[in-house]
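Visitor: fold the following for me, if possible:
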Amino acid sequence: MMERTYIIPLRKEWLKAPRYKRAKKAVTALKEFIQRHMKSETVKIGKKLNHALWERGIKNPPHKIKVNCKKEEEHCLVELHGHKFEEKKVEEPKKGLADKLGLTKKDEKSAKTEAPAAKEEKPADKPEAKKEPETPKAEPKSKPAPKEEKKSAPEAKPKKEKSEKEAIQDSFDSAKKLNELAKKSK
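Guide: You can find the predicted model right below:
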């Protein structure tokens with residue numbers, strides 16, 4: 001592992017770019033400088049250095065900047081002078097709800113089988129509750145039935161699950177109908 005400190009001149013490079021791309025050009029100039037001097041293909045810029053480059057906006061990056069470079073096996077880490085390199089955090093495997101509750105794998109399987117059973121019972125209760133309060137409304141025969149009542153009749157029946165293709169086709173059909181209605185209203 002090799003560590004060095006550089007003062008990198010950025011002005012000559014970012015003056016070649018238009019005003020609205022200068023900070024981007026400063027970042028690429030910094031990376032090219034580090035690749036050339038540290039003999040590394042990949043360059044990783046630290047948070048503090050990136051913030052220093054972009055601090056004054058895209059149109060006015062710093063003219064020069066002092067950095068610390070640390071070359072590791074495959075890549076080179078670059079950070080603003082005076083700041084430490086952030087070390088990689090080892091990610092622990094995410095704990096699921098079962099781990100948080102202290103359940104074992106056997107308990108987890110039994111909990112999964114119990115949950116769908118509870119879900120199946122609830123839909124059975126709901127249609128019965130809907131059937132009791134519904135009362136037929138007496139309307140004169142001369143008036144046609146409103147569209148809302150026609151829609152409520154299919155809801156009482158158990159719905160069949162549609163495949164993805166059918167659902168997509170239904171959405172396209174409904175969009176076409178809406179477009180046709182909009183054209184007719186104009």
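Visitor: alpha carbons only for contacts and neighbour counts from here, please
Guide: Will do.
Visitor: quick one: the helices in this structure?
Guide: Listed in chain order, the helices of the chain (DSSP state H) span 11-14, 22-38, 47-54, 97-101, 105-131, 147-156, 164-185.
Visitor: so, low pLDDT: which residues of this protein?
Guide: Along the chain, the parts satisfying pLDDT under 70 run over 88, 90, 104-160, 162, 186.
Visitor: and if we set it to 90?
Guide: For the chain, the stretches flagged by pLDDT under 90 are 1-2, 72-75, 83-186.
Visitor: who touches stretch 34-51?
Guide: Defining contact as C-alpha atoms under 8 Å, 6 or more residues apart in numbering, one finds that stretch 34-51 is touched by 31, 67, 69, 71, 74-80, 83, 85-86.
Visitor: need the max-distance pair from those.
Guide: 74 and 83 (21.9 Å; C-alpha to C-alpha).
Visitor: more neighbours, those two?
Guide: Between residue 74 and residue 83, counted using other C-alpha atoms under 10 Å, residue 83 has the larger neighbour count: 13 against 9.
Visitor: gap between the nearest residue to that one once chain neighbours are set aside and residue 84?
Guide: Sequence neighbours aside, residue 48 is the residue nearest to residue 83 in space, at 7.5 Å (criterion: C-alpha to C-alpha, 6 or more residues apart in numbering). Distance, residue 48 to residue 84, by C-alpha to C-alpha, to the nearest Å: 9 Å.
Visitor: mind checking which of the two has more residues around it?
Guide: Looking at residue 48 and residue 84 with other C-alpha under 10 Å, you find the greater number of neighbours at residue 48, namely 17 against 12.
Visitor: list the contacts for residue 29?
Guide: Counting by C-alpha under 8 Å, 6+ apart, residue 29 has contacts 10, 13-14.
Visitor: tell me the one of these nearest residue 176?
Guide: residue 14 (52.4 Å).
Visitor: tell me, how many residues neighbour the closest one?
Guide: 24.
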